[in-house]
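# Model the following, please.
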Amino acid sequence: MRKISNVFYITIGLIVLAVGYGVIDPERFEAGTGIVKNFVSTAFGWYYMLLMTLLVGVSIYLIFSPYGKIRLGKDTDRPQFSTITWIAMLFSAGMGIGLVFYGAAEPLSHFAVNPATAEPGTNAAFRESMRQTFLHYGIHIWALYGIVALCLAYFQFRKGEPGLISATLKPIFGDKMKGPWGTIIDVLAVFATSFGVATSLGFGAVQINAGLNYLFGFEIGIRSQFIIISVVTVLFIMSAWSGLSKGIRYLSNTNLVLALALLGFMLILGPTLLIMNIFTDSVGGYVSDFIDLSLSTAPLNAGNREWLDTWTIFYWAWWISWAPFVSMFIARVSKGRTIREFMVGVLLAPSILSFIWFSAFGTTAIEIQKSGAADLASANTEIVVFQLFSQLPWSTLTSAFAILLITSFFITSADSATFVLGMQSTYGSLTPPNSVKMIWGLIQSGIAIILLSVGGLSALQNTIIIAALPFSFIILFMVTALFKELQKDVKHSKRPKH
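The predicted structure follows:
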């Protein structure tokens, strides 16, 4: 156990305290974290909007700057994974269950239940629903993930530092990052990762349970969800045991194939021409309104500001809390790529795929709602997609496909997380011991099961979003350290060779 760092023990202690409080007094835990979360959203909303927009600007600058040709590794290194497999890994780790969970539900909610500014059910609300969904799942998220991942990959593979968040800050803080301050930063990252993935496991179990109930009449409740999480835990631990090049690689490719197949079903069975027109129009609206969408804080409109707090600002904090996990994984699979190739791939490939996905599922759901064939807007989020399929041909087949895809994403996310948590708690090792990965896998599943049983997932969400605020400041330091070292790198490459 000499390879295990203090980060492992400290984080587990904090997890036990947080989960214990959630079990002993779940209502007070949720109320208390909710108050702090609301304060953070209200007081720091402007900051989150500026930060996410800044990261988009930095990402674009890096693509076109002289730094773009610098390789994430030695100059002779080349990518370990093919471009298709790499994109599949980005897509699986960064989005996963969320696309199936919210693919129809979010655009439908913005259209029929609570639009940002338009009247519910109008054509204006239809257009606005897509632009807002594109904002929440588009370039901003991937700029965030891309920048944090770039910092990690650059320092790890180019500079030979360990794969730790704290190691990226050495150009600014020096050897202080080897002591208590570095440990605090890494604990924050591991804490956010373990709870973030546990929350997704919980939501994934709820949606798989809803799908199995729809198809086979399985009971909906904690017992069924316990069985689902237990089965998936065995599967993702088996995958994690097989290593990065086998388990996660094969699962990511499977995810991409399943996702494209389900998307193909929706494009064919849904209103195909309208979907493509909505996609094109929504991309145009997203691009033309990009600055306004990025920086809108509605300071003089209390109703619109409440919507922003509930949706956009919530999302920015949520994605920031996920950045340690997703970015560490992206960094690990990106060795050998140039900064330009890396940033273009991370920004565009997942964003475009997400835009097509939401256009297909969102447009179809909204058209069904408008026609009066079914009231999808009143359904619980986890069953919207299954009720959508029930209005289309081959509903049993598409529902089964969706359950299979959710399960595959479920396994991949947990598998990737155990790898990242293993790295972070073993001094940044690129090959963390299987025993450590297994422990983290069981911890994540345990958190999900315990909090599902006491109804504590909302409190868990609040906790993660609160943790996102201090991590956002760390991101700014990471960007500063990155540019400090990139400047040295470029100057060194320009020196005459003797």
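
# residue boundaries of the strands in the stretch 301-450 of the chain?
Applying DSSP state E, counting those that start in this stretch to the stretch 301-450 of the chain gives no strands.

# neighbours around residue 191, how many?
Using other Cβ atoms under 10 Å, residue 191 is surrounded by 23 other residues. Backbone N, C-alpha and C define where each C-beta goes, glycine included.

# I misspoke; the intended subject was residue 288.
Burial measure for residue 288: 11 neighbouring residues, criterion other Cβ under 10 Å.

# again, but for residue 216
Using other Cβ under 10 Å, residue 216 has 9 neighbouring residues.

# and what of the one 5 residues further on?
Neighbourhood size, residue 221 [other Cβ under 10 Å]: 12.

# now the end-to-end length of stretch 88-100.
Separation of the first and last residues of stretch 88-100 by Cα to Cα, to the nearest Å is 16 Å.

# What's the mean pLDDT across that stretch?
Per-residue confidence for stretch 88-100 averages out to 75 on the pLDDT scale.

# Same question for stretch 274-281.
In this model, stretch 274-281 has an average pLDDT of 97.

# and what of stretch 307-315?
Stretch 307-315 carries an average pLDDT of 91.

# What residues of that stretch count as buried?
For stretch 307-315, a neighbour-count test (16 or more other Cβ atoms under 10 Å) marks 307, 308, 309, 311, 312, 313, 314, 315 as buried.

# Do me a favour and get the end-to-end distance for it?
Using Cα to Cα, the span of stretch 307-315 from its first residue to its last is 12 Å.

# just stretch 328-346 next, same as before
Stretch 328-346 has an end-to-end distance of 13 Å (Cα to Cα).

# I'd assumed residue 362 was in contact with residue 103.
Yes - Residue 103 is in contact with residue 362 according to Cβ atoms under 8 Å; the separation is 7.0 Å.

# Could you find the closest non-adjacent residue to residue 274?
The shortest distance from residue 274 to any non-neighbouring residue, by Cβ to Cβ, 6 or more residues apart in numbering, is to residue 363 (5.9 Å).

# What's the separation between the one you found and residue 270?
In this view, residue 363 and residue 270 are 7 Å apart by Cβ to Cβ, to the nearest Å.

# The two - which one has more neighbours?
When residue 363 and residue 270 are compared for neighbours, residue 363 comes out ahead with 28 against 21, by other Cβ under 10 Å.

# contacting residues for that one?
Applying Cβ atoms under 8 Å, 6 or more residues apart in numbering to residue 363 gives the contacts 107, 130, 270, 271, 274, 275, 278.

# how about CSV for those residues, with distance to residue 228 added?
Rendered in CSV, the data for the contacts of residue 363 read as follows (distance: Cβ to Cβ, whole Å):
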residue, distance to residue 228
107, 27
130, 32
270, 28
271, 33
274, 35
275, 31
278, 34
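
# what residue ranges in the chain score low on pLDDT?
Low-confidence segments of the chain, defined by pLDDT under 70, span residues 1-2, 93-97, 240-248, 456-457, 493-498.

# How much space separates the residue nearest to residue 308 when sequence neighbours are not counted from residue 118?
Spatially, and ignoring its direct neighbours in sequence, residue 308 is nearest to residue 298 (5.7 Å; Cβ to Cβ, 6+ apart). To residue 118, residue 298 is 14 Å away according to Cβ to Cβ.

# Would you agree residue 196 is in contact with residue 319?
No - taking contacts as Cβ under 8 Å, residue 196 lies outside contact range of residue 319: 9.9 Å.

# between those two, what contacts are shared?
The contact lists of residue 196 and residue 319 share no entry, where a contact means Cβ under 8 Å, 6+ apart.

# okay, these two: which has more neighbours?
It is residue 196, of residue 196 and residue 319, that has more neighbours when counted by other Cβ under 10 Å, with 28 against 22.
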